[in-house]
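> Okay, predicted coordinates and the sequence, questions at the end:
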Amino acid sequence: MAGNSNQQDGINRRRYLGLAAAVAVAGCSEAASSRVPSDTATNTTASTSGTATETATDTPTATDSAARNTETTDAPSETGIESSADATETDSTAQHIAAAQDALAAAYSAFLTEGDEDALADVTAASYPFKNDEVLAAIDDADRTLGWAAASRSTPKQEQTIAELESMARFLETIAREQERLATAYWWVEDVRDKFFEEAHSTLGDYLDAAVAIGSDTERALDDLEATIDASAARSVEPLDAAAVSDKIEQMRAEIETIDDMKQAFDPGIDGLVHLWDAVRAYNLGNYSVAMSEYGEAADDFGDAVGKFEDLDPTPAFESNVEGMADATAVLEPGCNDLATAAAGKADGADTLADWQITLAHEQFDSNDDVADMPSITDGPGGD
């Protein structure tokens with residue numbers, strides 16, 4: 001029995017050792033299999049399943065992914081370059097805009113300096129002589145830089161500012177040109193007043209017509225200006241504002257209206273001068289009936305003129321002119337009526353009455369220095 005037991009233990013030990021060896025071999029095979037290169041793995045998979053082979057082959061490689069990553073990073077790089085160029089262009093536009101603003105501010109300042117005032121509307125037609133050279137030179141500078149700005153790449157806001165600056169350039173250019181012309185019209189109207197008392201009646205109408213023509217041209221220029229600009233665009237030019245733009249246009253229109261009204265008042269006064277001169281000549285020649293008629297006509301004309309001058313609501317530039325003419329014609333009307341009565345007395349042989357009326361007439365004339373020195377007064381009856 002003991003021999004059989006030992007024999008059985010030997011058999012069991014051999015089985016155990018054989019099983020352990022088999023397990024060890026199996027473990028080594030798995031380790032070796034896990035270290036097989038990818039090609040071997042692919043071949044093994046291919047023998048197992050065709051579908052698996054296709055799937056494994058379609059899988060992107062690291063090289064493909066790197067290539068795609070390189071392509072992806074190229075696109076943002078180009079966009080970045082374009083953005084940088086855009087920024088440079090808009091910066092250049094901003095510089096042009098700033099230069100144009102400075103030029104227009106200089107034009108605005110030159111306008112005020114030439115008019116010796118602090119506000120556009122305070123520069124009146126009486127600012128004679130008004131020279132617009134410096135104003136227009138500054139506007140030329142602004143137009144040049146605005147042209148550069150318009151040709152550059154710009155943002156919508158910059159485009160709006162450029163349009164506003166162009167509007168203000170046209171505004172300042174127009175009022176500078178028309179201010180110089182209105183100053184000339186003012187000088188002519190002032191000259192009409194001076195020559196009125198010199199009785200240069202043959203030229204007075206031409207002067208007035210020229211002044212009115214300037215006013216008409218200026219009015220058309222202002223109409224065109226208002227049709228093309230928006231006063232609110234003034235916000236783009238410091239220290240100009242919309243109120244200053246509107247006030248200036250309104251002020252210039254008022255001066256044009258005053259010039260027109262003054263011509264309407266001067267016209268009968270000029271007719272009165274013609275009758276006055278004819279009356280003096282007739283009186284001095286002893287044609288008393290003619291003198292009476294002419295003095296009467298003169299009185300009527302001066303009466304018409306004084307009414308028109310007194311009804312005028314002139315702008316400040318023309319106030320002294322209108323007031324002076326209203327005072328003068330208010331003296332000429334009754335004085336000429338007195339001389340008409342004197343001429344009638346002379347025609348009837350009533351010399352005492354005539355002398356008395358002449359004295360009354362000169363009391364009227366002497367109350368106004370301009371009238372007292374008129375040729376028809378000093379050369380007429382009772383004159384020096």
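Right, received. Where do you want to start?

> Glu333 reaches Gly303, doesn't it?
Yes - contact criterion C-beta atoms under 8 Å: Glu333 and Gly303 qualify, at 4.4 Å. C-beta here means a position set from N, CA and C on the backbone, and glycine is covered the same way.

> Counting neighbours, go ahead and name the busier of the two.
More crowded of Glu333 and Gly303, by other C-beta atoms under 10 Å: Glu333, with 21 against 18.

> gap between that one and Ala211?
25 Å (C-beta to C-beta, to the nearest Å).

> And for Glu226?
23 Å.

> Who has more neighbours out of those two?
Ranked by neighbour count (other C-beta under 10 Å), Glu226 and Ala211 place Ala211 first, with 27 against 16.

> thought the more buried one was touching Lys263?
Yes - assessed by C-beta under 8 Å, Ala211 is found in contact with Lys263 at 7.2 Å.

> how about the helices in the protein?
Chain-ordered helices for the chain, with DSSP state H as the definition, fall at 2-34, 38-48, 50-58, 62-115, 133-151, 156-198, 201-228, 242-284, 288-311, 319-348, 351-366, 369-372, 375-378.

> Out of these, which gets nearest to Asp122?
Judged by C-beta to C-beta, the one of these that comes nearest to Asp122 is helix 62-115, at 7.2 Å.

> And for Thr378, nearest residue in space, chain neighbours not counted?
Using C-beta to C-beta, 6 or more residues apart in numbering and skipping the chain neighbours, the partner closest in space to Thr378 is Asp384 (4.9 Å).

> so the one you found touches Asp373, yeah?
No - at 9.7 Å, Asp384 and Asp373 do not qualify as touching, with contact defined as C-beta under 8 Å.

> Comparing the two, which residue is more hemmed in?
Using other C-beta under 10 Å, the more surrounded residue of Asp384 and Asp373 is Asp373, with 13 against 7.

> For that one, what are phi and psi?
phi -100, psi 0 (degrees, to the nearest 10).

> contacting residues around it?
Taking C-beta atoms under 8 Å, 6 or more residues apart in numbering as the criterion, Asp373 is in contact with Phe197.

> Would you quantify the distance from it to Ala126?
24 Å.

> Over to Arg253?
From Arg253 to Ala126 the distance is 16 Å (C-beta to C-beta).

> Neighbour count for these two, which is higher?
Each of Arg253 and Ala126 has its neighbours counted (other C-beta under 10 Å); Ala126 has more, 20 against 17.

> Give me the number of neighbouring residues for Leu208.
23.

> Which residue, neighbours along the chain excluded, lies closest to it?
Nearest to Leu208 is Lys263, by C-beta to C-beta, 6+ apart, at 4.6 Å.

> Quickly note the distance from that neighbour to Phe309.
12 Å.

> Those two: which has the busier surroundings?
A direct count of neighbours by other C-beta under 10 Å for Lys263 and Phe309 places Phe309 higher, at 26 against 20.

> where does the nearest residue to the more buried one once chain neighbours are set aside land on pLDDT?
Take Phe309 and drop its neighbours on the chain: the residue closest to it by C-beta to C-beta, 6+ apart is Ala326, 3.8 Å away. In this model, Ala326 is scored at 98, pLDDT.

> Do I have it right that Ala326 meets Pro314?
No - using C-beta under 8 Å, Ala326 makes no contact with Pro314, being 10.1 Å away.

> Next, count neighbours for the closest residue to Glu198 other than its chain neighbours.
Closest residue to Glu198 in three dimensions, ignoring its sequence neighbours and counting by C-beta to C-beta, 6+ apart: Pro375, at 7.4 Å. Neighbours of Pro375 under the rule other C-beta under 10 Å: 16.

> Quick check, Pro375 in contact with Glu199.
Yes - the pair Pro375 and Glu199 qualifies as a contact (C-beta under 8 Å) at a distance of 5.4 Å.

> Show the contacting residues for the closest residue to Leu240 other than its chain neighbours.
Excluding the flanking residues, the one nearest Leu240 by C-beta to C-beta, 6+ apart is Ala234, at 4.5 Å. By C-beta under 8 Å, 6+ apart, Ala234 lies in contact with 168, 171, 240-242, 244-245.

> Buried by neighbour count, from those residues: which ones?
Buried subset of the contacts of Ala234 (neighbour count, 16 or more other C-beta atoms under 10 Å): 168, 171, 240, 244-245.

> mind listing what the closest residue to Glu310 other than its chain neighbours touches?
Residue nearest to Glu310 in three dimensions, not counting chain neighbours: Ala326, with 5.0 Å by C-beta to C-beta, 6+ apart. Applying C-beta under 8 Å, 6+ apart to Ala326 gives the contacts 306, 309-310, 312.

> Would you mind measuring from the spatially most central residue of the chain to Val280?
For the chain, Met168 is the residue whose C-alpha lies nearest the centre (C-alpha atoms, centre = their mean; 2.6 Å). Met168 sits 57 Å away from Val280, going by C-beta to C-beta.

> measure Ala243 to Thr228 for me?
Distance from Ala243 to Thr228, by C-beta to C-beta: 19 Å.

> now Glu198
Note on Glu198: its distance to Thr228, by C-beta to C-beta, is 44 Å.

> that older thread, wait, what's in contact with the residue nearest to Leu208?
Per C-beta under 8 Å, 6+ apart, neighbours of Lys263: 208-209, 211-212.

> could those go into TSV alongside distance to Phe111?
Output for those, formatted as TSV (distance: C-beta to C-beta, whole Å):
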residue	distance to Phe111
Leu208	28
Asp209	28
Ala211	22
Val212	25
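
> All set now, cheers.
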